[in-house]
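Engineer: Pasted the sequence and its predicted model underneath.
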Amino acid sequence: MALSSTELRDLQTAKSILENPGLVAKVSNFVGSPIEAGLKKLPGSWNATINTAARKSIEKALDIALVTMDHDDREPPSNWWHKIAAGATGATGGLFGLPALAIELPISTTIMLRSIADIARSEGEDLRHPDGRLQCLQVLALGGKSPADDVTEAGYFAARTALARAVSDAAEHLAKKGLSQKGAPAIVRLITQVAARFSIVVSEKTAVQAVPVVGAFGGAAINMLFIDHFQDMGRGHFIIRRLERLHGQEEVRRLYDTL
């Protein structure tokens, strides 16, 4: 069955979101200067710190999300409530700068994952199954590119392809073992791949929050932009997933490429 005109508009919306992630532009406009300037000011050792914080944040968020993301409804997502909650945690980062990252990021990541799950449910995703839940985690990898990405194969579907095996293996493990063996290779591999991409966006956010003049108010605003970015990624991803369930992956991908 061919996509309806409404579904084609949804697909166009999803592609516009997924192929033009706008966090850097939004944050740069907010602070009034290119974000690259802030990145250059970060100490070299903070790359490792950010990577570690991103990984631990995903691990903690995954624990909470997999236990609580079990409702099945089509209610509109509560995006603003999640933004307000993320803004409150971002105030800490703006006030205390880089040292607060290890405290603030796990909370922000958990809030974002809950928000992404809300969006997934609104698009008909079945979060009772491990694959549906891990699709929410995968969204954290869609907002930033990995240094290992092939520039000739960049984009949404390239990122999905790169993560597909890790998501599938982790879903199979969770279906059989649950969270009883969180250190299993399948789970570790997925977290590592997601964290590699997620940490790119975390670096951009941290670079701005590290500026002394940002303060608590600026930190809150930047965190709201941060969650807004991933809410957009989640919306685009789960629109695609909804259309794939109705029309098949090959047809949706073909039309996506022609838009």
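Structural biologist: Received the coordinates, thanks.

Engineer: Just the CA trace of stretch 113-133, in CSV.
Structural biologist: C-alpha atoms of stretch 113-133 as CSV (Å, rounded to 0.1, in the frame of the first residue of the first chain):
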residue,chain,number,x,y,z
LEU,A,113,15.6,8.9,27.7
ARG,A,114,12.2,9.0,29.5
SER,A,115,11.2,11.8,27.1
ILE,A,116,12.3,9.9,24.1
ALA,A,117,10.2,6.9,25.4
ASP,A,118,7.2,9.2,25.6
ILE,A,119,7.7,10.2,22.0
ALA,A,120,8.1,6.5,21.0
ARG,A,121,4.8,5.6,22.7
SER,A,122,3.0,8.4,20.9
GLU,A,123,4.2,7.0,17.6
GLY,A,124,2.9,3.5,18.4
GLU,A,125,6.2,1.9,19.5
ASP,A,126,5.7,-1.2,21.7
LEU,A,127,8.0,-0.6,24.7
ARG,A,128,7.0,-3.9,26.3
HIS,A,129,9.7,-5.5,24.1
PRO,A,130,13.4,-5.0,24.5
ASP,A,131,13.9,-3.9,20.9
GLY,A,132,11.4,-1.0,21.3
ARG,A,133,13.2,0.1,24.5
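
Engineer: Now do the buried residues in that stretch.
Structural biologist: By neighbour count with 16 or more other Cβ atoms under 10 Å, stretch 113-133 contains the buried residues 113-123, 125, 127, 130-133. All C-beta spots, glycine's among them, are computed from the backbone N, C-alpha and C.

Engineer: what do you get for stretch 4-14?
Structural biologist: Going by neighbour count (16+ other Cβ under 10 Å), the buried part of stretch 4-14 is 7, 10-11, 14.

Engineer: contact partners of that stretch?
Structural biologist: With Cβ atoms under 8 Å, 6 or more residues apart in numbering as the test, stretch 4-14 has contacts from 3, 235-237, 239-240, 242-243, 246-247, 252, 255-256, 259.
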